[in-house]
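Asker: sequence and computational prediction follow.
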Amino acid sequence: MTQGRAGTVRLVNGPLVEVQGLPDASMLEVVALGPLAVHAEVVGIAGGRVTLQAYEYTGGLRPGDTAVATGDQLSGLLGPGLLGQVFDGLLRPLSVAPLWLTPDRSGAVEDHTTARRWTFVPTASAGELVVAGDVLGTVPGAGSVEHRVLVPWGVRGELVWLAPEGETGALDVVARIGDGAVVRLSERWPVRRPRPFQERLTDVVPLHTGQRVLDLLYPVARGAAAAVPGGFGTGKTLLLQQIAKWSDADVIVYVGCGERGNEMAEVLDELTRLPDPRTGGRLIDRTIIIANTSNMPMMARETSIHSGITAAEFYRDMGYDVVVIADSTSRWAEALREFANRNGDLPAEEGYPADLASELAAFYERAGRVRTLGGRVASTTVVGAVSPPGGDLSEPVTTGTQRFVRSWWVLDRDLAYSRHYPAVSWRGSFARDLAAVGQWHAVHGNEGWTERRARAAALLAEADRLGELAEVIGTGSLPGPERMVLLGGRLLRDGVLQQSALSANDGFCSAEKGAALLDLVLEVVDACRRLVDRGVAATTIEEMDLTRVVRAREEIGPQDAAGVADRCRSVLRELEELT
């Protein structure tokens, strides 16, 4: 940052600071406040008064202190060293922070980040014509995915000079292009500005999460946005952790936005210990963790999700599929509400600022499957948790989020309390890309995906309807075909949709095994209906031991679809013996 104009602090009200004497200040400009150089951002300009939101603790800051405008927007340093590390909401590394994660304003953290040396391996040649997005070289050892050094946006021309292979600092120049443009190993990018690309692609490719209830019933496409609303104790964080562990993305960005510190410690511990099935290394080596816990400055929480998606777009531009997990966006919205109230803005519903919907839209619209400046197809998928107070899904953050996401995974309190996990409700959840995902599966050899999914959804809905009736008149009073629907609903819930995150065998499920498990249940239900039509008593079928259907998910390996098919044939033979 380059220091420039100076003003004077006029008012300090928590994270809200008013400054006078900065007539040339611009919106979103970073200002350093007081002797500790507390970082703050311009959010309002009225006459000679400039309103700032501070991203650090403002204790000790007082009227009369100096306010120095830097001329820069809040930016993150993007380069090798992001993967496998933990950062605060301003994208500063926490690995060298003090015990209580107090931001170090002395510059030691910045010095530590830029002091590390990396090996630069050139892949281009001097004299070539290069444009934005072209690969100039790679950096080995910067994570489990190849780190590519690209020509920055807005730069094109002849590659005049390229650094030879060897050790390079994070801010060292590695290339000179055209009439003086320089390319450094790392670059700064304003976190609130989306990184450019050639075009947004409209074709749909599903993201496999490894969680059957999502992949089979409510899929999410690469580059789409999804949200997980649910009350306290319904398993939001656990489901997001499962997606982080098992989704088939190249890079994971996990943003802990206002969550408890022990949850972030658990995430870090598990990702560090868990082997990566894609690379054979550690899962943490392709993960970026942004930890802005509930005891950290409130307005840094507001910035954390922007920092997270900026880091994701950085790897997207290299050609990777990235998943951003934000836990939780409700805490982010609460930070917006608190600052708006301190600023005296006119409150809207439940005290949230009137521009809450536009802020949500601006965040989720940064998701997308795109063709990058370098011509590579890559994606940024956003999955955000929503924590409505008291589980009230009609509150503003929940209803606003629902408008802008493509997949909506509602967590049901009753399912969670009955220990059915993931507690994704088949009553309130939806996926807007079902038709497109079905077409993708059909093109790739799975023609029955749409029909199988529709049958499962219909079976669940009918079983719920009959279950309410059975509570009134008793299951034994229902006709045989309806009792088979209730039986099928139980088998589908317990044998397919339920999945143990703590199981080494069932924590992840391949797409092939998931389809085979669903086929197992549907074929067993069809067989039971045929037996009833032939005159076999419903009680006889209900008394038969069908736990082998339910146990298949746990007893058969996560990739073993053939084993599930064998189990299906065995169970069907046993059912035929009833005739």
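Answerer: Cool, the structure landed. Small disclaimer: the values here were computed from a predicted structure and weren't measured.
Asker: which parts of the helix or strand containing residue 523 are buried?
Answerer: Element membership of residue 523, judged by DSSP states H and E, is helix 511-533. For helix 511-533, burial by neighbour count (16 or more other Cβ atoms under 10 Å) applies to 511-525, 527-529, 531-532. Bear in mind the C-beta positions are built from the backbone N, C-alpha and C, glycine included.
Asker: please parse the chain into its domains.
Answerer: As given by automatic domain parsing, the domain ranges for the chain are 6-73, 109-190, 199-432, 449-576.
Asker: pick the most deeply packed of these.
Answerer: The highest mean neighbour count among these, using mean count of other Cβ atoms under 10 Å, belongs to domain 199-432: a mean of 21.
Asker: worst-scoring helix or strand of this protein, pLDDT-wise?
Answerer: helix 108-115 (a mean of 54; mean pLDDT, DSSP states H and E).
Asker: determine how far the next helix-or-strand element following the helix holding residue 523 lies from the middle of the whole chain.
Answerer: Downstream of helix 511-533, the first helix or strand assigned by DSSP H and E is helix 538-543. Taking Cα atoms, centre = their mean, to the nearest Å, one finds the center of helix 538-543 at 45 Å from the center of the full chain.
Asker: packing partners of helix 538-543?
Answerer: helix 480-492, helix 511-533 (3 or more Cβ pairs under 8 Å, 6 or more residues apart in numbering; DSSP states H and E).
Asker: reformat those as CSV; add mean pLDDT and distance to residue 117.
Answerer: As requested, these are exported to CSV (pLDDT from 0 to 100; distance: least, Cβ to Cβ, whole Å):
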stretch, mean pLDDT, distance to residue 117
helix 480-492, 96, 56
helix 511-533, 96, 42
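Asker: follow-up on the earlier one: elements contacting the helix holding residue 523?
Answerer: Secondary-structure packing of helix 511-533 (3+ Cβ pairs under 8 Å, 6+ apart): helix 212, helix 449-473, helix 480-492, helix 538-543, helix 547-555, helix 561-576.
Asker: of those helices, which approaches residue 41 most closely?
Answerer: Counting by Cβ to Cβ, residue 41 lies closest to helix 212 out of the helices and strands packed on helix 511-533; the figure is 43.2 Å.
Asker: what's next to that closest one, contact-wise?
Answerer: Residues from elsewhere that reach helix 212 (Cβ atoms under 8 Å, 6 or more residues apart in numbering): 496, 497, 499, 509, 514, 517, 518, 553.
Asker: make it 7 Å
Answerer: Residues from elsewhere that reach helix 212, judged by Cβ atoms under 7 Å, 6 or more residues apart in numbering: 496, 497, 499, 509, 514, 517.
Asker: could you point out which element follows it?
Answerer: Next along the chain after helix 212, taking DSSP H and E as the criterion, comes strand 220-221.
Asker: per-residue confidence averaged over the helix or strand that that following strand is followed by?
Answerer: As assigned by DSSP H and E, the chain's next helix or strand after strand 220-221 is strand 225-229. In this model, strand 225-229 carries a mean pLDDT of 98.
Asker: export the very next helix or strand once past strand 225-229 to CSV, keeping only CA atoms.
Answerer: Using DSSP H and E, the helix or strand that directly follows strand 225-229 along the chain is helix 236-246. The C-alpha trace of helix 236-246 is given here as CSV (Å, rounded to 0.1, in the frame of the first residue of the first chain):
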residue,chain,number,x,y,z
LYS,A,236,-25.0,-28.1,8.9
THR,A,237,-21.3,-28.0,9.7
LEU,A,238,-21.0,-31.8,9.5
LEU,A,239,-22.6,-31.9,6.1
LEU,A,240,-20.4,-29.1,4.8
GLN,A,241,-17.3,-30.9,6.2
GLN,A,242,-18.4,-34.0,4.3
ILE,A,243,-18.7,-32.0,1.1
ALA,A,244,-15.2,-30.5,1.7
LYS,A,245,-13.8,-34.0,2.2
TRP,A,246,-15.4,-35.9,-0.6
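Asker: which helices and strands sit right next to helix 236-246?
Answerer: Contacts defined by 3 or more Cβ pairs under 7 Å, 6 or more residues apart in numbering; DSSP states H and E place helix 236-246 against strand 225-229, helix 261-273, strand 321-327, strand 377-386.
Asker: for residue 253, which of those is the nearest?
Answerer: Closest to residue 253 of the helices and strands packed on helix 236-246 is strand 321-327 (Cβ to Cβ; 4.7 Å).
Asker: centre-most residue in this structure?
Answerer: Nearest residue to the geometric centre of the chain (Cα atoms, centre = their mean): residue 325, 2.1 Å.
Asker: just grab the bridge partners of it for me.
Answerer: Residues in a beta bridge with residue 325, per DSSP bridges, are residue 254, residue 383.
Asker: shouldn't it be in contact with residue 247?
Answerer: No - with contacts counted by Cβ atoms under 7 Å, residue 325 stays clear of residue 247, the gap being 9.2 Å.
Asker: ok, now which ones touch the residue nearest to the centre of the chain?
Answerer: Contacts for residue 325 (Cβ under 7 Å, 6+ apart) come out as 240, 243, 244, 252, 254, 255, 383.
Asker: mind doing that once more with 6 Å?
Answerer: Residue 325 sits next to 240, 244, 254, 383 when contact means Cβ atoms under 6 Å, 6 or more residues apart in numbering.
Asker: got the contact list for the closest residue to residue 349 other than its chain neighbours?
Answerer: Nearest non-adjacent residue to residue 349, counting by Cβ to Cβ, 6 or more residues apart in numbering: residue 396, 4.8 Å away. Residue 396 sits next to 349, 350, 352 when contact means Cβ under 6 Å, 6+ apart.
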